[in-house]
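>>> How does the following fold in three dimensions:
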Amino acid sequence: MEDSNDRIVIGLCTFNRPEPLKEALDSLSQIDIPEKTAVEFVLIDNDENAGAKYIFDAYASDMPFKCHYFVEKDRGLAHVRNRVIEEALKLHATAIAMFDDDEIVAREWLVELYKAFKESGSDGVAGTVYRLLPMDSSSFVKELWPNRKEPANITLKLLPTNNCLFSINLVDPDGGNIRFSNVFNFSGREDLVFSFDALFQGAKFTSAPQAIVIEKFPKGRSTFKYLLRRWFDTGVTDAMVARHYNFGMKKRTLKEILNIIWRCLILPFLLLGGARPPAVAILYMTTSLGWLGGLFGKKANYYFKHVD
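Next up is the predicted model:
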């Protein structure tokens, strides 16, 4: 790795998740720092009552870098992530790293992200997210939330904000000047649109499989009811993204209509194979219904209501 004087700003956004946030900050306080870099940390609290301030204060002194706390009163994922960008620009960052407030970062997390970033010469890198489900989760749920690690240095089409590091050039007003779209404030997929906007400008993203975070799933996320809601919202947000860019609408709509018809026809036969086959069919139909809903103006507000 070449000599560097890079300044990395770690951005973390939170809203009403006190216990997961404590674990996230505790893990962050123990990370190793890449050599020849300066690191600072920014916590953006989306609670206008500054509910996370006492947690920040309890951990800030244990961090191996300077820490900053800000309240972003405008609710939504895009607002808080864009606030990270604005604060990172003020701190003269050369790169921004992000993870989520319900995740635990490995000790080598930032070192591995930065190593992959420098060695690949890409504009951004994404690490590995391992999901830790409750012990009593069904095998069916575990199958639908698989854990896998990408090979190293694979070109990616998505830079997920739950484990990434990217160049400040993507967001600098004199560079790409990209921001997260407010259209996706409460639906999710704001990072997908951010990624697409960067890719359209010629950016390159690569994998950093050794940069590991662990996402702890609460019990409420390991139920079939939860999966139905998420898969429906996935269809809605897919339609929102397609409408945002105005591409692939007709082809995808035909595909989803045929998917609903075909799975409805075979559903009686799937019942003969036990609970799993019809459950999978219902989930796929749920996504198709979500797409059709999104096509006609339905919006996913999952993150407006969701605080677990």
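
>>> make it CA atoms for all contacts and neighbour counts henceforth
OK.

>>> Convert stretch 190-205 to CSV, retaining C-alpha atoms only.
The C-alpha coordinates for stretch 190-205 follow below in CSV (Å, rounded to 0.1, in the frame of the first residue of the first chain):
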residue,chain,number,x,y,z
GLU,A,190,-31.5,5.2,-1.1
ASP,A,191,-28.0,3.6,-1.2
LEU,A,192,-28.9,1.8,-4.5
VAL,A,193,-29.9,5.1,-6.1
PHE,A,194,-26.7,6.7,-4.7
SER,A,195,-24.7,3.8,-6.3
PHE,A,196,-26.5,4.1,-9.6
ASP,A,197,-25.9,7.9,-9.7
ALA,A,198,-22.2,7.2,-9.1
LEU,A,199,-22.0,4.4,-11.6
PHE,A,200,-23.6,6.7,-14.3
GLN,A,201,-20.7,9.1,-13.7
GLY,A,202,-18.1,6.3,-14.3
ALA,A,203,-17.5,5.2,-10.7
LYS,A,204,-16.2,1.8,-9.8
PHE,A,205,-17.1,-0.2,-6.7
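
>>> give me the low-pLDDT residue ranges for the stretch 51-200 of the chain?
Low-confidence segments of the stretch 51-200 of the chain (pLDDT under 70): none present.

>>> what's near enough to touch residue 189?
237, 241 (CA atoms under 8 Å, 6 or more residues apart in numbering).

>>> From residue 90, how far out is it?
Residue 189 sits 26 Å away from residue 90, going by CA to CA, to the nearest Å.

>>> One more: residue 200?
For residue 200, the distance to residue 90 - CA to CA - is 26 Å.

>>> Then residue 116?
Residue 116 is 25 Å from residue 90, by CA to CA.

>>> same thing with residue 281?
From residue 281 over to residue 90 (counting by CA to CA), the distance is 49 Å.

>>> All the strands of this structure, in order from the start?
Remark: strands assigned in the chain by DSSP state E are 6-14, 37-45, 66-71, 95-100, 103-105, 124-132, 155-156, 163-167, 205-216.

>>> As a markdown table, those strands with mean neighbour count and distance to residue 273 would be great.
Output for the strands of the chain, formatted as a markdown table (neighbours: other CA atoms under 10 Å; distance: least, CA to CA, whole Å):
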| stretch | mean neighbour count | distance to residue 273 |
| --- | --- | --- |
| strand 6-14 | 23 | 43 |
| strand 37-45 | 21 | 48 |
| strand 66-71 | 17 | 52 |
| strand 95-100 | 23 | 38 |
| strand 103-105 | 25 | 37 |
| strand 124-132 | 24 | 28 |
| strand 155-156 | 15 | 36 |
| strand 163-167 | 25 | 38 |
| strand 205-216 | 23 | 32 |
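
>>> Take those strands and write them to JSON lines, including distance to residue 51.
Formatted as JSON lines, the strands of the chain follow (distance: least, CA to CA, whole Å):
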{"stretch": "strand 6-14", "distance to residue 51": "10"}
{"stretch": "strand 37-45", "distance to residue 51": "8"}
{"stretch": "strand 66-71", "distance to residue 51": "9"}
{"stretch": "strand 95-100", "distance to residue 51": "17"}
{"stretch": "strand 103-105", "distance to residue 51": "19"}
{"stretch": "strand 124-132", "distance to residue 51": "26"}
{"stretch": "strand 155-156", "distance to residue 51": "36"}
{"stretch": "strand 163-167", "distance to residue 51": "24"}
{"stretch": "strand 205-216", "distance to residue 51": "21"}
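
>>> which one of those lies closest to residue 269?
Of all these, strand 124-132 sits nearest to residue 269, with 32.8 Å by CA to CA.

>>> Other residues contacting that closest one?
113, 116-117, 145-150, 159-160, 162-167, 204-217.

>>> From the chain's centroid, how far away is that strand?
With CA atoms, centre = their mean, to the nearest Å as the basis, strand 124-132 stands 9 Å off its chain's centre.

>>> Report the strands that pair with that strand, each with its relative direction.
Counting by DSSP bridges, the strands paired with strand 124-132 are strand 163-167 (antiparallel), strand 205-216 (parallel).

>>> Adding distance to residue 194, write these out as TSV.
Shown next, in TSV, are the strands paired with strand 124-132 (distance: least, CA to CA, whole Å):
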stretch	distance to residue 194
strand 163-167	12
strand 205-216	12
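
>>> Ok, which of the ones you listed comes nearest residue 59?
Among the strands paired with strand 124-132, strand 205-216 sits nearest to residue 59 (CA to CA), with 19.0 Å.

>>> where do the helices sit along the stretch 151-300 of the chain?
All helices of the stretch 151-300 of the chain, identified by DSSP state H, counting those that start in this stretch, fall at 190-200, 224-245, 249-270, 276-295.

>>> and the first one, which residues are buried?
Just to be clear, that refers to helix 190-200. If you call a residue buried by 16 or more other CA atoms under 10 Å, then helix 190-200 has these buried ones: 190-199.

>>> try the second one
Of the residues in helix 224-245, those buried under the neighbour-count criterion (16+ other CA under 10 Å) are 227-242.
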